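[1] With the sequence up front, the predicted model follows.
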Protein chains: 4
Amino acid sequence: MGVLRLSHVDITVPDLDLAAAYYTQVLGLELVEREASADGDRLFFKCWDERDHHSLAVRYHPRVGLDRFAFKVEHEADLDELEARIEAAGIVVHRIADGEEIGQGESIRFELPSGHEMELVHNVHKVGGRLPLLNPKPIAEGLIGIAPPRMDHLLVQAEEVGEVSTFFREVLDFRLTEQIVSGAGHQIGAFLERSHRPHDIAFVQGPNGTLHHFSFWLDDWDHVRRAADILAFNGIAVDIGPTRHGITRGETIYFFDPMGTRNEVFTGGYRPDPDFPTITWTEDQIGRAIFYYEGDVNQRFVGVHT
Amino acid sequence: MGVLRLSHVDITVPDLDLAAAYYTQVLGLELVEREASADGDRLFFKCWDERDHHSLAVRYHPRVGLDRFAFKVEHEADLDELEARIEAAGIVVHRIADGEEIGQGESIRFELPSGHEMELVHNVHKVGGRLPLLNPKPIAEGLIGIAPPRMDHLLVQAEEVGEVSTFFREVLDFRLTEQIVSGAGHQIGAFLERSHRPHDIAFVQGPNGTLHHFSFWLDDWDHVRRAADILAFNGIAVDIGPTRHGITRGETIYFFDPMGTRNEVFTGGYRPDPDFPTITWTEDQIGRAIFYYEGDVNQRFVGVHT
Amino acid sequence: MGVLRLSHVDITVPDLDLAAAYYTQVLGLELVEREASADGDRLFFKCWDERDHHSLAVRYHPRVGLDRFAFKVEHEADLDELEARIEAAGIVVHRIADGEEIGQGESIRFELPSGHEMELVHNVHKVGGRLPLLNPKPIAEGLIGIAPPRMDHLLVQAEEVGEVSTFFREVLDFRLTEQIVSGAGHQIGAFLERSHRPHDIAFVQGPNGTLHHFSFWLDDWDHVRRAADILAFNGIAVDIGPTRHGITRGETIYFFDPMGTRNEVFTGGYRPDPDFPTITWTEDQIGRAIFYYEGDVNQRFVGVHT
Amino acid sequence: MGVLRLSHVDITVPDLDLAAAYYTQVLGLELVEREASADGDRLFFKCWDERDHHSLAVRYHPRVGLDRFAFKVEHEADLDELEARIEAAGIVVHRIADGEEIGQGESIRFELPSGHEMELVHNVHKVGGRLPLLNPKPIAEGLIGIAPPRMDHLLVQAEEVGEVSTFFREVLDFRLTEQIVSGAGHQIGAFLERSHRPHDIAFVQGPNGTLHHFSFWLDDWDHVRRAADILAFNGIAVDIGPTRHGITRGETIYFFDPMGTRNEVFTGGYRPDPDFPTITWTEDQIGRAIFYYEGDVNQRFVGVHT
């Protein structure tokens, strides 16, 4: 009961054609739907192994940015219960009516203490994955580009990480898998999960309301190399990687879409059940925590967000 | 709330020294504790990334067999609630007192419709993993043998698969990820999960009360090769593999411990959330379903169990 | 100076359309040329990273079989020198005139003591690989099927392995990397190289003039899995694998093209320079020598050849 | 006939104990022999799959540097022939008597146009590898650290790359697999091989007589990750990687031993036979040529040498 996983990330870009080309040809997502809108036309993308309508929505806007992100809940009743809890925490909740948003039914939307707009959805339109539910082959052939099977998580920034991570734990029942603690004892990084993965969302200290990256799952280290090959083949700017995180133990590449939003491909890591104890990193070890091979974090990684 | 994952498998073997040598040196588990007992001495093993007391208990007995398997629940209250549900299903539940079983507190035990003894545990003694909870390195060095990070699942046999899988779904709240259906429409294979993995337990048609195999998680396909190297290096009999399953999409090797219990190493597969739809296999496709590369199932795989 | 490597294998098949479909769509070779001929039409294939005209020629004939195999020499003068040596060994050598065989210039052809027709070629038409010679990207995109970068070796059978392997060593200057020796001290397997790979050709005891398999190089173990996925996806009969050889240490899958010729994909192994000492296997260890994981050789592997 | 491969690299370090610890425990070489000498004590190391006495010699000297590098020739007569050729090129050749240098018999030594001291050796003492020559298992167990099977190549610097690469081609019969050419048409990088690998030695423009790095072979990309894990685990400074080269197509990590000599681990790449055509890179593409994923070369990589 409660939140299942990251459902979709809604970003803005100044060039929809370029976004369509990049996200279908290089990243290898499926373009599910286009919406014409006075508010900026939108493109809806999904990964090949996802069955829900979309995991990435890209809206035209002159400036690159983040509109919101949505998590999916298991039961319709979860929307009511979480709405009550969020309101009890003093936060205004808006109902999104069925038919108001493409690909999803009635939903709730609210602003986090970190200034991000967050959404909870339940009735998501099913468009199905690339594999059938009867006698499927274990691989999908004919994929293009990196072709991750699914969206994995996102990392956003908050001025007060401790405040928003407490909200996620106490109100939304997320579990804290890892945290970074400053010398003064403040939480400056929080990694939170609901789906038995190392993180479904993470917060690091930074300007409120900003996006650091969203991340796509790959199946293993060899696919990370293939992703690096494809990125370089297409002239995509790699931020860092292939490398390994200390936090999550996962393997990663960070790179930028041509409009400037940071993407990640990610694999590995552990599978935390709810009895997983929180791992703590001290700020002096933040280099190894973020990039285990390099042992430090470059300024671009710290400074660039959207 | 409810069942988290497979906690431990309890088997019997006719040679404890050989079991200790194999499970520590070849499989690379940690021998946590030895128990002298009139009922047969016991050895308790855990994997390097597990924090609970043990995931495998091996008891001396002249005959190779399965004593029971245990699943862990999230909350202490889950024991009471599940006990009530199981009794409501007409099954007698026994309480195991704190101190009665090594490594665990008060637990409940009962016999499944398939004739297996099953246990639910909550208060498991924590012995900790190989990595600390403060600034851990992402890899554990100095491991021996295959050294899987954790136990993953087990597959047992039942004369009436549909009956026991219904029990797991309705009483224990497991989710059915995949099933094999006979030409006559009977469920002859059921793959069930609670931990957002392709399966925590599976049932296939066969003699009641028997064990087909238990399985250890590996992190990727390269570790599967390394496992195959280590098995061959040590002269261990491989049943089949390295190969891939159609069911779960995972990669696998099956092999036998020197006393005759089938082990598996397993990796890959998808990460099913509770909204994952059930995949159905028809009996005529059972070859590809079990071993995708070979396309058929050898008689040893079907006929040998313990 | 002397022999460089395996140049091409010429086989016969009863269905050229099926051969074309399989070798281009499943194996992922490039169809370079078709030849209409009274002697049976022929198809010429090459791998994506090969620059010479072809590495596989497939001729129509009602019966599956081996026409011949060809090795490439470094210098034109090597043809003369080797011709003299072969004739000095009492073997008749035929000159193939320039223009007589598609894709190659003047060549020599002769029958081995093992009854196989062998060819030495030098002036091979260059058709070029998929990557340019100026600022190439390190990967070729848009490949189809398994898409091995190159042909690697072949294994043929001989009644007297020692006789033909001596010919290869003494007359053709091959080096013996590994051998299998019977209990009676006879050489029953010989692995020979010129190109600093574990083998360019191998002989095992069996009917003279027959082909056991030819083999394509893959870059690593992950590509072996991908090859297995593609083979199963296309319903191709796998003989054995993925597994590892004791001989060569390489990783492998054996499978049959739809007409019945055994193919292999192969990777790994060592890089023997000419000072590499010969490794010897005793017949009682032949199981591990051939298939290290299984420890024995199935009857199909021993009995089926073309 | 002629040069087989890189035999050994002789460097100086200011701390032999640290060198011994690093090269045995982190890199995982075998310490074959120690030599006490007035000229500076020396340590001799080899890789586990090498059979010759050593591939790395480390001499005590207050300053980190390169003494020389040695290539192995196939036949004893090659020493005489190459000596004559080198002298014909106007270079003085010194004979090293049998017994004068540890681990090798009579050898020749001379100074390259690039100011490096080079040696050619033939009679190298055999100490054997970790695997026997009779019925070997394909893997060596019990290895420590990264444990590369063998030394692969070295890269040194020269003010006039064209001059020394011409010497290697014309006098020593090396083949040029790849080159980097400046806008003005000068060769500023040359990659040369004798062993059918992408390079046994490379020259790039830089101060005469200096060493950029020597490189150890790894079997695949998974071993590259494991090397990165081990390096980070031991706090070794990574220069760059894991990444891929455009030149050679190989995968790589560069890092520094604790005294300051750059090491590389390397895998992948093609297998060039002597008919392999030279690949040319223009200087404007040097970023992708060196580091395909990053697309540019950091200043440390260009500026730091020993």
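    Sure, I can see it. Numbering: from 1, shown residues only, chains lettered A, B, ... in the order given.

[2] For the stretch 201-306 of chain A, just list every one of the helices.
    A:221-233, A:286-290, A:299-303 (DSSP state H, counting those that start in this stretch).

[3] Need the contact partners of the second one.
    Contacts of helix A:286-290 with the rest of the structure, by C-beta atoms under 8 Å, 6 or more residues apart in numbering or on different chains, involve A:180, A:189, A:245-247, A:281, A:294-297, A:301, B:135, B:137, D:232. C-beta coordinates here come from the backbone N, C-alpha and C atoms, glycine included.

[4] could those go into JSON lines alongside distance to C:Tyr60 and neighbour count?
    As requested, the contacts of helix A:286-290 are arranged in JSON lines below (distance: C-beta to C-beta, whole Å; neighbours: other C-beta atoms under 10 Å in any protein chain shown):
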{"residue": "A:Ile180", "distance to C:Tyr60": "68", "neighbour count": "24"}
{"residue": "A:Gly189", "distance to C:Tyr60": "67", "neighbour count": "22"}
{"residue": "A:His245", "distance to C:Tyr60": "57", "neighbour count": "22"}
{"residue": "A:Gly246", "distance to C:Tyr60": "61", "neighbour count": "24"}
{"residue": "A:Ile247", "distance to C:Tyr60": "61", "neighbour count": "25"}
{"residue": "A:Trp281", "distance to C:Tyr60": "67", "neighbour count": "22"}
{"residue": "A:Glu294", "distance to C:Tyr60": "58", "neighbour count": "21"}
{"residue": "A:Gly295", "distance to C:Tyr60": "62", "neighbour count": "19"}
{"residue": "A:Asp296", "distance to C:Tyr60": "64", "neighbour count": "10"}
{"residue": "A:Val297", "distance to C:Tyr60": "63", "neighbour count": "15"}
{"residue": "A:Phe301", "distance to C:Tyr60": "60", "neighbour count": "18"}
{"residue": "B:Asn135", "distance to C:Tyr60": "68", "neighbour count": "16"}
{"residue": "B:Lys137", "distance to C:Tyr60": "61", "neighbour count": "16"}
{"residue": "D:Ala232", "distance to C:Tyr60": "58", "neighbour count": "24"}
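
[5] Model confidence at the one residue in chain A that gets nearest to chain C, what's the number?
    Closest residue of chain A to chain C, C-beta to the nearest C-beta: A:Asp222 (3.7 Å). Here, the pLDDT recorded for A:Asp222 equals 96.

[6] Which residue lies nearest to it in three dimensions, sequence-adjacent residues excluded?
    C:Asp222 (3.7 Å; C-beta to C-beta, 6 or more residues apart in numbering or on different chains).

[7] returning to that earlier point: which of the helices of the stretch 201-306 of chain A sits most buried?
    helix A:221-233 (a mean of 23; mean count of other C-beta atoms under 10 Å in any protein chain shown).

[8] Could you list every helix and strand that it packs against?
    strand A:238-244, strand A:251-256, strand A:262-267, helix B:221-233, helix D:221-233, strand D:238-244 (3 or more C-beta pairs under 8 Å, 6 or more residues apart in numbering or on different chains; DSSP states H and E).

[9] Contacts made by that helix with the rest, please.
    A:26, A:145-146, A:218, A:238, A:241-242, A:251-253, A:255, A:265, A:267-268, B:220-222, C:137-139, C:141, C:220, C:222, D:221-222, D:225, D:243-244, D:251, D:288, D:292-293, D:295.

[10] Wondering if the lengthiest strand in chain A reaches chain B at all.
    Counting residues, the longest strand found in chain A (DSSP state E) is strand A:3-13. Yes: using C-beta under 8 Å from any C-beta of the partner chain, we find that strand A:3-13 touches chain B at A:Leu4, A:Arg5.

[11] re earlier: which of the contacts of helix A:286-290 fall within strands?
    Short answer: the contacts of helix A:286-290 in strands (DSSP E) are A:Ile180, A:Gly189, A:Trp281.

[12] Kindly reformat the contacts of helix A:286-290 as a markdown table containing distance to D:Leu155 and pLDDT.
    Shown next, in a markdown table, are those (distance: C-beta to C-beta, whole Å; pLDDT from 0 to 100):
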| residue | distance to D:Leu155 | pLDDT |
| --- | --- | --- |
| A:Ile180 | 39 | 97 |
| A:Gly189 | 39 | 98 |
| A:His245 | 31 | 97 |
| A:Gly246 | 31 | 97 |
| A:Ile247 | 35 | 97 |
| A:Trp281 | 37 | 98 |
| A:Glu294 | 22 | 90 |
| A:Gly295 | 24 | 89 |
| A:Asp296 | 26 | 85 |
| A:Val297 | 29 | 86 |
| A:Phe301 | 30 | 84 |
| B:Asn135 | 36 | 97 |
| B:Lys137 | 31 | 95 |
| D:Ala232 | 24 | 96 |
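
[13] What is the most widely separated pair among these?
    A:Phe301 and B:Lys137 (20.7 Å; C-beta to C-beta).

[14] Name the residues of the stretch 101-250 of chain A found near chain D, please.
    A:221-222, A:225, A:228-229, A:231-232, A:235, A:237-238, A:241-244.

[15] in stretch A:1-9, what counts as buried?
    If you call a residue buried by 16 or more other C-beta atoms under 10 Å in any protein chain shown, then stretch A:1-9 has these buried ones: A:Gly2, A:Val3, A:Leu4, A:Arg5, A:Leu6, A:Ser7, A:His8, A:Val9.
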